[in-house]
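# Structure for the following, please:
(2 chains)
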Amino acid sequence: GEDVEQSLFLSVREGDSSVINCTYTDSSSTYLYWYKQEPGAGLQLLTYIFSNMDMKQDQRLTVLLNKKDKHLSLRIADTQTGDSAIYFCAESQGGKLIFGQGTELSVKP
Amino acid sequence: DAGVTQSPTHLIKTRGQHVTLRCSPISGHKSVSWYQQVLGQGPQFIFQYYEKEERGRGNFPDRFSARQFPNYSSELNVNALLLGDSALYLCASSLLGENEKLFFGSGTQLSVL
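Predicted coordinates:
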């Protein structure tokens, strides 16, 4: 099937690390993406990883890719209240993206 | 540089009406895609256009149609609106439309009463 799966909710304290997990389906996906959506807004591209990479780091964000298990994770270091949002992982299939349901991250002060 | 722009931002329609949503891609981008995001779910692919040609279509009824103009802007049309068409409609642009980063607009929130 086409399902990309994510856990629905994550709650962390300010300053802690957040880890959002995702499993995808298509082993031939070339790129995998993480998008952030704040209330009432569109999707903001946070980061992406090419399928032949295991890890990508971009400031506070670290993406880990396990191709064997089709597992993708996003780690946010030193999580801030401004990081509270819904995070979507997505896999590319040709010209379209297949999105998960999104993980709502709640950051408590 | 302007990002992806969509209009209108909000729209209220009644069942049976039709609606036209508009999108301008990032300057230089030749591919435009449309996604539907129902509340509480991830976006679902509707269409992709590249160089004015339809490149892909998602699992949506024929009531949904789109086109891309010579300046690469795009319209999404939905006929015979149903209550279930209420959603956030997102437009995304990319350079070439194949295995690339997609940049999204802020969306059009459509409410069908």
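# Return the residues of chain A in contact with chain B.
With Cβ under 8 Å from any Cβ of the partner chain as the criterion, chain A comes near chain B at residues A:4, A:30-31, A:33, A:35, A:41-45, A:48, A:88, A:90, A:92, A:94-102. C-beta: built from backbone N, CA, C; applies to glycine.
# same thing but at 7 Å, please
A:30-31, A:41-43, A:45, A:48, A:88, A:92, A:94-97, A:99-102 (Cβ under 7 Å from any Cβ of the partner chain).
# just checking, A:A85 touches A:E38?
Yes - between A:A85 and A:E38 there is a contact under Cβ atoms under 7 Å: 4.8 Å.
# Listing request: residues of chain B with sub-threshold pLDDT.
Across chain B, the ranges flagged by pLDDT under 70 are B:1, B:97-99.
# ranges for the strands of it?
Ranges of strands in chain B, per DSSP state E, are B:5-7, B:10-13, B:19-24, B:31-37, B:44-50, B:53-57, B:64-68, B:74-78, B:87-94, B:103-104, B:108-112.
# who wins for proximity to A:E14 among the ones you listed?
strand B:103-104 (27.6 Å; Cβ to Cβ).
# Tell me if that closest one is near chain A.
Yes - part of strand B:103-104 sits near chain A under the criterion Cβ under 7 Å from any Cβ, namely B:103-104.
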